[in-house]
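Novice: With the input below, show me the fold.
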Amino acid sequence: MFSIGLSYCTQGDYMHIGYARISTLGQNLDIQLDALTQAGCQTIYTETMSGAKRHRPELEATLKSLRPNDTLVMWRLDRLGRSLMNLVDIINDLEERDIAFRSLTESIDTQSSTGKLVFKIKWGRVLPFSCLLTNKKLSSARLIPVELRTFCQ
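Specialist: Below is the predicted model of the structure:
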């Protein structure tokens with residue numbers, strides 16, 4: 001984890017907290033860190049670990065550090081969840097705790113009612129059906145978008 005020296009956002013008494021993850025030491029966090037810093041993250045937790053691992057200490061620390069009205073900011077959705085259902089569970093938990101979620105690459109931001117609706121429609125309803133098709137092999141793999149294959153495992 002590192003902090004860029006700001007205690008709180010200038011817009012109120014809440015923080016934008018980032019989480020960046022790479023799977024191997026051969027990868028580089030720079031793109032994620034630059035994007036999260038530009039997005040206004042005051043604190044960014046970093047981790048080098050496969051997303052398939054159930055126990056990710058820095059992700060757990062990130063989630064524990066969030067308070068009501070904070071925003072969890074990710075460079076990309078696949079940095080957060082081990083599977084689509086895991087991702088949806090984490091986002092739902094954040095919502096119950098009054099914490100917003102923002103994914104920079106997918107332009108998802110649950111701070112607004114519209115953002116919450118878009119997330120629930122796209123990721124909470126449509127993709128589980130597609131995952132069902134993928135998991136039951138009812139659809140050819142070439143018809144399933146690459147980002148969906150990642151979450152349906």
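Novice: How are the helices of this structure distributed by residue range?
Specialist: 30-38, 57-65, 84-96, 113-121, 127-135, 146-151 (DSSP state H).
Novice: list the buried ones in the longest one?
Specialist: So the one you mean is helix 84-96. 84, 87-88, 90-91, 94 (16 or more other Cβ atoms under 10 Å). (Glycine included, C-beta is placed from N, CA and C.)
Novice: quick one: least confident helix or strand in the chain?
Specialist: Across the helices and strands of the chain, mean pLDDT, DSSP states H and E gives its lowest value to strand 2-3, namely a mean of 46.
Novice: Okay, and the beta partners of the closest residue in space to residue 33 that isn't next to it in sequence?
Specialist: With sequence-adjacent residues excluded and distances taken as Cβ to Cβ, 6 or more residues apart in numbering, residue 33 is closest to residue 20, at 5.8 Å. Following DSSP bridges, residue 20 is listed with bridge partners residue 46.
Novice: measure residue 20 to residue 94 for me?
Specialist: Separation of residue 20 from residue 94 (Cβ to Cβ, to the nearest Å): 17 Å.
Novice: Next: residue 79.
Specialist: 15 Å.
Novice: same thing with residue 108?
Specialist: Taking Cβ to Cβ, one finds residue 108 at 12 Å from residue 94.
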